[in-house]
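*Asks:* output the structure for:
(one chain, ligands or ions: 1)
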Amino acid sequence: GSDKNKAEQGSTSQGNIANIIAIASGKGGVGKSTTTVNIAYALMAEGAKVGILDADIYGPSIPTMLGLKNEKPSSSDGKLMMPLNANGISAMSIGFLVDEADATVWRGPMASTAFNQLLNETDWPELDYLLIDMPPGTGDIQLTLAQKVPVAAAVIVTTPQDIALIDAVKGIAMFDKVKVPVLGIIENMSYHICEHCGHQSYIFGEAGAEQMAKDQQSKLLGQIPLDIAIRQDADFGESDVFEHSTGEIASYYRKIARNI
Ligand code: ADP
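*Replies:* Below you'll find the predicted structure:
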């Protein structure tokens, strides 16, 4: 559409990017950013060149999760910003540029301008995938972002909880509206395995995303357990998928990466 053309005209470096994938969620706190980071490492483990654009303007957690907190991008030519690098992943985030407290009070147009700058004024290297960590929700801001960028496809992250699933369905509808294909749904925090007895408990409900994917004629790309190591790694700016790419946690994410 015409909006896509506009984005392309303003583009300075998107030509290097083969596929832009939006990682979205209807509801906040379901693990969208955590999933984005781990899938980025999983795609890298499959041999791809990967970047992350943190568009979660109101809660940029990618700098922390990639171990790049308090870092600032440099500029090679005074115009374009160089993305920061975490173990080979190129990253750009509003969190590198402004105080989180400032960005949280931005209105839609400001958020949208900031997003454009992050995408178009970054000197992205050659990438097979640029994962966009979208702001949670399905309002005007999300719709504008989805329209502005030549997104190849979207992935929806949800927990099995009813209130998250209801919002995830809205996410699918939003991408349908702007004609962005939805590759499928990732169910995060699907279950917890007791480290003492091995019992599997379905804390947020069982098989919710599977049923939802069926109802929506979409695909369940994978299920990620609620696991203390995933939370700790995210807090410490690490990823089990990077450090133990043949381990059990990595296997959940690598299965998803192979479906992308
Ligand atoms: P969102 O981006 O959807 O707001 P986050 O990725 O910031 O959500 O995750 C919210 C919190 O849940 C974080 O503290 C994160 O470490 C934790 N978390 C996310 N996924 C998992 C998981 N599978 N197991 C354990 N903790 C998780």
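
*Asks:* how about the residues of the stretch 1-150 of the chain near the ligand?
*Replies:* Ser25, Gly28, Gly29, Val30, Gly31, Lys32, Ser33, Thr34, Ser61, Pro136 (CB under 6 Å from any ligand atom). Every C-beta, even on glycine, is put in place using the N, C-alpha and C of the backbone.

*Asks:* contacts only, for the residue lying closest to the fifth one once chain neighbours are set aside.
*Replies:* The spatial neighbour of Gly31 that comes closest, neighbours along the chain excluded (CB to CB, 6 or more residues apart in numbering), is Asn188 at 3.9 Å. Listed by CB atoms under 8 Å, 6 or more residues apart in numbering, the contact set of Asn188 reads Val30, Gly31, Thr34, Thr35, Val157, Thr158, Thr159, Ile224.

*Asks:* pLDDT-wise, which helix or strand of the protein ranks last?
*Replies:* helix 2-9 (a mean of 41; mean pLDDT, DSSP states H and E).

*Asks:* so what does Asp133 have for phi and psi?
*Replies:* Note on Asp133: backbone dihedrals following degrees, to the nearest 10 are phi -80, psi 100.

*Asks:* that one bridge partners, please.
*Replies:* Beta-bridge pairing for Asp133 (DSSP bridges): Ile23, Asp54.

*Asks:* ok, it touching Ser33?
*Replies:* Yes - with contact defined as CB atoms under 8 Å, Asp133 reaches Ser33; the gap is 5.3 Å.

*Asks:* what residues are shared contacts of these two?
*Replies:* With contacts defined as CB under 8 Å, 6+ apart, the residues shared by Asp133 and Ser33 are Asp54, Asp56, Ile62.
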